[in-house]
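Trainee: please work out how this folds:
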Amino acid sequence: MQDQDRRDRHDPEIHDSGDAGGCFWSEEKAFDGLPGVRSAVSGFVGGHTAHPTYEQVVRGGTGHMEAVRVTFDPTVVSYRALADRYWRTIDPTDPQGQFCDHGPSYRTAIFATADQRADAVASRDAAMRTLRKTFTTPVVGAQRFWPAGAEHQDYARRHPARYEAYRIGCRRSERLRAIWGDAAVG
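Mentor: Have a look, this model is predicted:
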């Protein structure tokens with residue numbers, strides 16, 4: 001994604017990937033701690049308002065989606081492996097949102113740089129062949145990422161009981177297993 005953290009901007013060995021997968025807490029949890037992943041940051045992408053707040057985005061009108069910026073070391077984990085994992089964290093056939101979260105801010109997309117686009121499309125096409133379905137989740141160009149407030153970062157780790165109540169209440173894991181079987185993530 002554009003606008004990498006300053007500490008990584010000068011390190012040619014560190015890259016960013018970005019995706020919108022409905023609830024950013026769930027996407028962050030799906031990538032945080034993976035070998036080669038340096039960070040997974042919850043935030044917003046795809047809109048027209050600078051420095052949006054969570055309240056502005058979920059109220060609507062900013063055009064943003066909840067998203068996660070994953071900073072990774074490509075000598076440990078490839079962009080393609082991250083893209084392959086992403087599909088298994090979402091229902092890529094739902095154009096309205098994810099699980100119990102619906103509306104414009106919960107739509108899904110992969111935000112790929114020009115260098116990542118071919119891998120992102122190949123990953124999507126392979127996942128579509130696996131499910132034998134057409135996906136509504138697009139692969140689009142990388143866009144400006146705005147980090148969400150500190151209260152949204154590392155939410156699943158900092159508030160495990162609240163996150164589990166959300167995940168179970170939304171039937172997220174149950175629905176992912178119905179779609180992806182044993183390959184589901186989340």
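Trainee: tell me, how many residues neighbour Thr113?
Mentor: Other residues lying near Thr113 total 16 when counted by other Cβ atoms under 10 Å. C-beta coordinates here come from the backbone N, C-alpha and C atoms, glycine included.
Trainee: what do you get for Glu55?
Mentor: Residue neighbour count, defined by other Cβ under 10 Å, stands at 8 for Glu55.
Trainee: check the one 10 residues further on too.
Mentor: Met65 sits with 26 neighbouring residues when counted by other Cβ under 10 Å.
Trainee: for it, which non-adjacent residue is closest in space?
Mentor: Distances taken as Cβ to Cβ, 6 or more residues apart in numbering place Ala20 nearest to Met65, at 3.9 Å, with adjacent residues excluded.
Trainee: what packs against the host helix or strand of the one you found?
Mentor: Under the criterion of DSSP states H and E, Ala20 resides in strand 15-21. In this structure, strand 15-21 packs against helix 24-31, strand 65-72, helix 79-87, strand 108-112, with contacts taken as 3 or more Cβ pairs under 8 Å, 6 or more residues apart in numbering; DSSP states H and E.
Trainee: quick one: closest of those to Gly46.
Mentor: Evaluated over the helices and strands packed on strand 15-21, closeness to Gly46 peaks at strand 65-72, with 4.9 Å, by Cβ to Cβ.
Trainee: neighbouring strands - and their directions - for that closest one?
Mentor: strand 15-21 (antiparallel), strand 37-45 (antiparallel) (DSSP bridges).
Trainee: what angle sits between it and helix 79-87?
Mentor: An angle of 150 degrees separates the directions of strand 65-72 and helix 79-87 when computed by axes from the mean of the first three to the mean of the last three Cα atoms, to 10 degrees.
Trainee: kindly export strand 65-72 (C-alpha atoms) in CSV.
Mentor: Backbone C-alpha positions of strand 65-72 (Å, rounded to 0.1, in the frame of the first residue of the first chain) are rendered in CSV as follows:
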residue,chain,number,x,y,z
MET,A,65,-13.6,0.7,3.9
GLU,A,66,-12.3,-0.9,7.0
ALA,A,67,-8.9,-2.3,6.0
VAL,A,68,-5.6,-3.7,7.2
ARG,A,69,-2.1,-2.8,6.2
VAL,A,70,0.2,-5.7,6.5
THR,A,71,3.9,-4.9,6.6
PHE,A,72,6.0,-8.0,5.7
